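I'll drop the sequence and a predicted model, then ask my questions.
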Protein chains: 2
Amino acid sequence: MASADGGPATIETIARRAGVSIASVSRVLNGLGGRPDTVRKVQAAATELGYVPNAMARSLRGGRSGQIAFAMEDIGNPVYVAMVRRIQAVAREAGFRLLLHSTGADREEELRALRSLADRHTEGLIISPIRITQDHLDELRRAVAPVVVIGSLPEGIALDNVRVDSRVGAAMAVAHLAGIGRRRIGFLNGPLDTVPGQARHQGYLDGLGTADLPVDEELVEFGEFRTDSGADAALRLLERVPDLDGLFCANDLIAVGALRALREAGRRVPDDVAVVGMDDTELARVTWPTLTSVGLGSARRGELAAELLVDRLGEGRDREPRWVSVTPELVARESTRS
Amino acid sequence: MASADGGPATIETIARRAGVSIASVSRVLNGLGGRPDTVRKVQAAATELGYVPNAMARSLRGGRSGQIAFAMEDIGNPVYVAMVRRIQAVAREAGFRLLLHSTGADREEELRALRSLADRHTEGLIISPIRITQDHLDELRRAVAPVVVIGSLPEGIALDNVRVDSRVGAAMAVAHLAGIGRRRIGFLNGPLDTVPGQARHQGYLDGLGTADLPVDEELVEFGEFRTDSGADAALRLLERVPDLDGLFCANDLIAVGALRALREAGRRVPDDVAVVGMDDTELARVTWPTLTSVGLGSARRGELAAELLVDRLGEGRDREPRWVSVTPELVARESTRS
């Protein structure tokens, strides 16, 4: 960007051209406003001289801000920490800086993250919504920059997508508990109106069917995907089903709460109740007893999503959308060891 | 922003004025570039018609992006999760959206977070660096938007600042261990070239002095502020000091690693070795035995920092910088209970 006299446009040359003070130019260019006609003069002079502020400059030079973003549900869930670490590693390697949003699964926050791509402050977004509404689909279709979704997408959405079949993972958890002889296998789920909540519920039923165990609604409790909620749900379940001998928890946070509740209720793990979590987070190694958990490849999903996004922002600009999957894996630890 | 004919400037009106195609305007305004003379014509027409892309528009309208940012060291440390939750609550209440940076304590990443304030994409920044270099001080002085620092700052930096005296907190941990009769009190610290590492080291020495215990360099190990590093350091310490009966860990992550190492080495907690962590994170309630920890008011520090920033972006625009402190508090749990 060069001014008419060949040098780079500066605050000084803009002030001269606009016929206003250097202080006024500085105020306007730094976003601090000014009298409407001053703002107009400064804008016009800046444009004529080819000067634009940084964010705008980058966008006009071709959309390169050097930043990508990841919108996750909850920064307090270590499953996202594992994703962030790998996303950040891939991003850095490719020369991108990573910005994070913790949306609290709030629909408006998620939609705003998608809409804010229009600012060109970030070149692309990885998003992992636990509920996908029509508004999500509309914003995803409308997105002005590349988006990669971690999580299941309905058919017909032409976006790069990384998924894991948590239904299969949930069935693996139940099969593992049945395999060590447990017959009254409870299930602490998150909300049923979420994508993961539904998949895990189906998998729990699949697992019971395969093990020839009867479906008993008494054995299922719902709550949030959080520790305190898991502890409360476990206490309700123990109250209702005193002969509970196995427990599948829809994520590790719920399982950590359940372990605490079981200890407070005087139940030994795994002797009285064997427990399986899901996501295989760092927490599974920290609890006592350590927690058997079904890994859903969170680090790998983060890595794949970042690779897809980086590719899409470079060489793969025009390729067809890719859907890639990772495979669940059960990691046995003390909470199911006899 | 209205076009000359009274309606809002649109891609269509800009295309007409610039004498280029609608597609060209769209490409330029969306940051996808174009032929230099096309870009110039579109820019000029857009300016004449009062149209500016969102980011630019906001900045020219007075620096309001509705966003603030928090740059933390490590998203994997739950101490920051507690901060983020409160920062986000205060930000939302005040109508701001929160962006997060996980810097990995990388100096360049931290400096970049400070410099990126010039983009006006965020209106202000909360930053919590564990090392403060001359470059940090220079960037802090130069910052073009309000910055609040969580952590200790050298004298003479006129910025809003939230701090906690972790030296006092460390001394409290040692006093607690001495108070339950421990005499060989080890210390697992983070790097000594960090602000928290230095403060905790001083506090450890203070605590020994107050309890009339001798200083023995054999009892101190250094590592990173992370779980695996804590486990390794604990093993080294146990090897060197077999009669260890108390252990102060410079944060809860180190303590979680130490608990694991002690269990693997066959030492009972607290009977053989009593353990105290620092930060009083969610982890302290999850481990077994549960972990005694010195709380450094992380949630409260986040809240105060956010309140200072929001105030500075509104009513408190021109007030003097404020330095506020929170007080450490020891929370006793099973790891020090006889």
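Looks like it arrived, so ask away.

Contacts for stretch A:228-239 next, please.
The contact list for stretch A:228-239, computed with C-beta atoms under 8 Å, 6 or more residues apart in numbering or on different chains, reads A:186, A:188, A:219, A:221-223, A:244, A:247, A:249, A:253-258, A:260-262, A:265, A:267. Using the backbone N, CA and C atoms, a C-beta is placed for each residue, glycine as well.

Of the residues you listed, which belong to strands?
A:186, A:188, A:221-222, A:247, A:249 (DSSP state E).

ok, of those residues, which come out buried?
Buried subset of the ones in strands among the contacts of stretch A:228-239 (neighbour count, 16 or more other C-beta atoms under 10 Å in any protein chain shown): A:186, A:188, A:221-222, A:247, A:249.

of the contacts of stretch A:228-239, list those near chain B.
Contacts with chain B within the contacts of stretch A:228-239, as defined by C-beta under 8 Å from any C-beta of the partner chain: A:256, A:260.

Can you check the pLDDT for residue A:259?
At residue A:259, the model reports a pLDDT of 96.

How about the contacts made by it?
Neighbours of residue A:259 in contact, by C-beta under 8 Å, 6+ apart: A:269, A:275, A:287, A:289, A:291, A:335.

With secondary structure added, can I get the residues you listed in CSV?
Listed next are those as CSV, based on DSSP: H, G, I helix; E, B strand; the rest coil:
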residue, secondary structure
A:269, coil
A:275, strand
A:287, coil
A:289, coil
A:291, coil
A:335, helix
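
could you redo those residues as JSON lines and give each row pLDDT?
Listed next are those as JSON lines, based on pLDDT from 0 to 100:
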{"residue": "A:269", "pLDDT": "97"}
{"residue": "A:275", "pLDDT": "98"}
{"residue": "A:287", "pLDDT": "88"}
{"residue": "A:289", "pLDDT": "91"}
{"residue": "A:291", "pLDDT": "97"}
{"residue": "A:335", "pLDDT": "98"}
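
nearest to chain B, of these?
For those, the residue nearest chain B by C-beta to the nearest C-beta is residue A:287; the value is 6.2 Å.

Let me see the ranges of the strands in chain A.
A:67-72, A:97-102, A:124-127, A:147-150, A:160-164, A:185-189, A:220-222, A:246-249, A:274-278, A:292-295, A:323-326, A:329-331.

Pull the contacting residues for the residue nearest to residue A:79 when sequence neighbours are not counted.
Distances taken as C-beta to C-beta, 6 or more residues apart in numbering or on different chains place residue A:279 nearest to residue A:79, at 4.3 Å, with adjacent residues excluded. For residue A:279, the contact set (C-beta under 8 Å, 6+ apart) comprises A:78-79, A:251-252, A:293-296, A:298.

ok, back up a step: switch the buried ones among the ones in strands among the contacts of stretch A:228-239 over to CSV; also include pLDDT.
Formatted as CSV, those follow (pLDDT from 0 to 100):
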residue, pLDDT
A:186, 98
A:188, 98
A:221, 98
A:222, 97
A:247, 98
A:249, 98
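
and which of the residues you listed is nearest chain B?
residue A:249 (13.9 Å).

and the gap between the residue nearest to that closest one when sequence neighbours are not counted and chain B?
Using C-beta to C-beta, 6+ apart and skipping residues adjacent in sequence, the residue nearest residue A:249 is residue A:255, 3.8 Å away. Distance check for residue A:255 against chain B: by C-beta to the nearest C-beta, to the nearest Å, it reads 11 Å.

Residue A:119 contacts residue B:122, correct?
No - here residue A:119 does not reach residue B:122: they are 11.2 Å apart, not a contact under C-beta atoms under 8 Å.

Beta-bridge partners for the spatially closest residue to residue A:153 that is not a sequence neighbour, please?
Residue nearest to residue A:153 in three dimensions, not counting chain neighbours: residue A:161, with 5.2 Å by C-beta to C-beta, 6+ apart. Under DSSP bridges, the beta-bridge partners of residue A:161 are residue A:149, residue A:323.

check contacts around residue A:161.
So residue A:161 contacts A:148-151, A:153, A:321-324 (C-beta under 8 Å, 6+ apart).

Which segments of chain A make up each domain?
Domain ranges of chain A: A:11-52, A:67-165+A:298-328, A:166-296+A:330-336, per automatic domain parsing.

Backbone torsions only: list them for the residue in the stretch 151-300 of chain A that chain B sits nearest to.
The nearest approach of the stretch 151-300 of chain A to chain B comes at residue A:288, 3.3 Å away (C-beta to the nearest C-beta). According to degrees, to the nearest 10, the main-chain angles of residue A:288 amount to phi -130, psi 130.

Hmm, residue B:287 and it touching each other?
Yes - using C-beta under 8 Å, residue A:288 is in contact with residue B:287, at 6.9 Å.

which of these two has more neighbours?
residue B:287 (23 against 18; other C-beta atoms under 10 Å in any protein chain shown).

Isn't the more buried one up against residue B:256?
Yes - taking C-beta under 8 Å as the definition, residue B:287 is a contact partner of residue B:256 at 5.9 Å.
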